[in-house]
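Visitor: okay, sequence plus prediction incoming.
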Amino acid sequence: MPPHYVFSHVEGQYFRTRAVGFLEETEQGELDAKEAYDALPLTKRQLVDSRFQHWLGRQVFNKYFHGFSGKYDMCFVFKWEVRHIPQRLYGFLCHPRPETMPFFELCVLTYFATKGDDTNPTILDRINGLRQDLAVREAIGGAYPEFRGRKSWPN
């Protein structure tokens, strides 16, 4: 049976032109970004929330978050450290309101990882696969009905 997904916004992380949310599997699976975020101590969660706020405000801070290039150009990451160990929330960007607000951008977070020197391309490959998955698009379409029924993401 293929996985079923649920999308939810991160509380308080929604602006007029951008939003941040989590994609989860309805059965226990490998998507762990929301679980990791929910487990953060209050001070670290506030730090991560401030990273979200910077991105929502269209600020540029490669030290806090960034996209990727090439075949991973729709992948995205938010970054912080715990005891000098890099922590990452990975996801993808999409435009789920193509008719009424084509400039609206959504960051859908999927995976948590600690990081060494290089980003693991396996994670980015998985994210690209999720981004194309019809069940994922349907889950996000629950929050953005205008997108429902589309065959691909409008980018």
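Guide: Received it, and whenever you're ready, just let me know what you need.

Visitor: CA atoms for contacts and neighbours, from now on please.
Guide: Noted.

Visitor: where do the strands of this protein begin and end?
Guide: 5-14, 18-25, 65-67, 75-82, 85-94, 105-114 (DSSP state E).

Visitor: export the ones you listed to CSV and tack on distance to residue 144, mean neighbour count and mean pLDDT?
Guide: Putting the strands of the chain into CSV (distance: least, CA to CA, whole Å; neighbours: other CA atoms under 10 Å; pLDDT from 0 to 100) gives the following:
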stretch, distance to residue 144, mean neighbour count, mean pLDDT
strand 5-14, 10, 16, 92
strand 18-25, 12, 21, 96
strand 65-67, 23, 17, 96
strand 75-82, 20, 19, 95
strand 85-94, 11, 20, 95
strand 105-114, 10, 22, 95
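
Visitor: out of these, which gets nearest to residue 32?
Guide: In terms of CA to CA, the element of those nearest to residue 32 is strand 105-114, at 5.2 Å.

Visitor: coming back round to it: which of the strands of the chain sits closest to residue 36?
Guide: Across those, residue 36 has its closest neighbour in strand 105-114 (6.4 Å, CA to CA).

Visitor: may I have the closest one as CSV, with CA atoms only?
Guide: Extracted in CSV, the C-alpha atoms of strand 105-114 (Å, rounded to 0.1, in the frame of the first residue of the first chain):
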residue,chain,number,x,y,z
GLU,A,105,5.8,30.2,-2.0
LEU,A,106,5.4,27.3,0.4
CYS,A,107,8.3,25.5,2.1
VAL,A,108,7.3,21.9,2.9
LEU,A,109,9.6,20.4,5.5
THR,A,110,10.1,16.6,5.3
TYR,A,111,13.4,15.4,6.9
PHE,A,112,15.6,16.1,9.9
ALA,A,113,19.3,15.3,9.8
THR,A,114,22.5,16.2,11.5
